[in-house]
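Participant: predicted structure and sequence below. I'll ask about it afterward.
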Amino acid sequence: MSIRVDALTKIYGQQKAVDGISFEAGVGVLGFLGPNGAGKSTTMKMLTCFIPQTSGTASVCGFDISKDPLSVKRNIGYLPESNPLYTDMYVKESMAFVAGIHGLHNADRRIAEVIDQTGLGPEQHKKIGQLSKGYRQRVGLAQAILHDPQVLILDEPTSGLDPNQLIGIRQLITDLGKTKTIILSTHIMQEVEAVCGRVIIINKGTIVANDTLADLRSNNKGDSLEHIFIGLTN
Ligand SMILES: Nc1ncnc2c1ncn2[C@@H]1O[C@H](COP(=O)(O)OP(=O)(O)OP(=O)(O)O)[C@@H](O)[C@H]1O
């Protein structure tokens, strides 16, 4: 398993945002669902070593998030919810910048490959600030996969995309999920059905479901994912 999480907890001041969650994830796309404020982004930030946990442990590709954050970051690609980008940089320039951070060999070849993979070709000579929201998402995704990490953490990667762009990005995530471990946070149930093999539902910092999509449905009398979600989180 590329991701192992054991009793992971985060307390902000008085608030327990993540309350002792444990799970494992291997190759495939794991949907990470939950209502607003459930603790999804906080979990993702701990797994990517952006914030420290209060207690518990987690490892990515065998590397402990507290003891070896650099190795974790080498093996992980992260698209944060807010997708912070340098808007004054040109698309290709920003990719070269990220390639430099990762010390990539053959950077030009890899950048061309990823630009092609993410459908950024027609926009590659623009400044990021000139791009539409959907294309900015693509740049974020391109930067996250540039160093070809084994694990991808994608926090609402398709928010704000038009239906045509949605299909393209979902297909890309599906393709990447054939060989990589992907944790995908989304509020779009249709997306979960289209892309995810397994689903974790988190509510008020604790896991209330962890199952394959098929088993989750059959255990709930074939109910829709939306109804199951509402039943478990209300
Ligand atoms: N830096 C912070 N300081 C204090 N509280 C925080 C901080 N970040 C998050 N929280 C709180 O922790 C809880 C979990 O937030 P988190 O962003 O992880 O939820 P989420 O499941 O990603 O929600 P959403 O679907 O709205 O993005 C929320 O109650 C939030 O207000």
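Facilitator: Received, thanks.
Participant: could you find the closest non-adjacent residue to Ile111?
Facilitator: With C-beta to C-beta, 6 or more residues apart in numbering as the criterion, Ile111 has its nearest non-adjacent residue at 4.5 Å, and that residue is Met95. C-beta here means a position set from N, CA and C on the backbone, and glycine is covered the same way.
Participant: output the contacting helices and strands for the host helix or strand of the one you found.
Facilitator: For Met95, the host element (DSSP states H and E) is helix 91-102. Secondary-structure packing of helix 91-102 (3 or more C-beta pairs under 8 Å, 6 or more residues apart in numbering; DSSP states H and E): helix 107-117, helix 133-145.
Participant: and the helix or strand hosting Arg170 with helix 107-117, angle?
Facilitator: Using DSSP H and E, Arg170 sits within helix 163-176. Angle of helix 163-176 versus helix 107-117, following axes from the mean of the first three to the mean of the last three C-alpha atoms, to 10 degrees, is 120 degrees.
Participant: then helix 163-176 to CSV, C-alphas only?
Facilitator: Written as CSV, here are the backbone C-alpha positions of helix 163-176 (Å, rounded to 0.1, in the frame of the first residue of the first chain):
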residue,chain,number,x,y,z
PRO,A,163,-18.5,20.0,-18.9
ASN,A,164,-16.0,19.6,-21.8
GLN,A,165,-13.1,20.2,-19.6
LEU,A,166,-14.5,18.0,-16.9
ILE,A,167,-14.5,15.0,-19.2
GLY,A,168,-10.9,15.6,-20.2
ILE,A,169,-9.6,16.0,-16.7
ARG,A,170,-11.6,13.0,-15.4
GLN,A,171,-10.2,10.8,-18.2
LEU,A,172,-6.7,12.0,-17.3
ILE,A,173,-7.3,11.1,-13.6
THR,A,174,-8.7,7.7,-14.6
ASP,A,175,-5.7,7.0,-16.7
LEU,A,176,-3.2,8.1,-14.0
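Participant: whichever helix or strand comes after that helix pairs with which strands, parallel or anti?
Facilitator: Toward the C-terminal end, the helix or strand that comes next after helix 163-176 (DSSP H and E) is strand 181-185. Using DSSP bridges, the strands paired with strand 181-185 are strand 28-33 (parallel), strand 151-155 (parallel).
Participant: check what contacts strand 181-185 and list those residues.
Facilitator: Identification of contacts with strand 181-185 by C-beta atoms under 8 Å, 6 or more residues apart in numbering yields 1-3, 25-33, 40-41, 44, 47, 81, 150-157, 173, 176, 191-192, 195-196.
Participant: kindly report the same for stretch 113-130.
Facilitator: 85-92, 94-95, 131, 135-136, 138-139, 141-142, 145-146, 168, 172.
Participant: and the closest residue to Phe97 other than its chain neighbours, what is it in contact with?
Facilitator: Sequence neighbours aside, Met89 is the residue nearest to Phe97 in space, at 6.7 Å (criterion: C-beta to C-beta, 6+ apart). By C-beta under 8 Å, 6+ apart, Met89 lies in contact with 97, 127-128.
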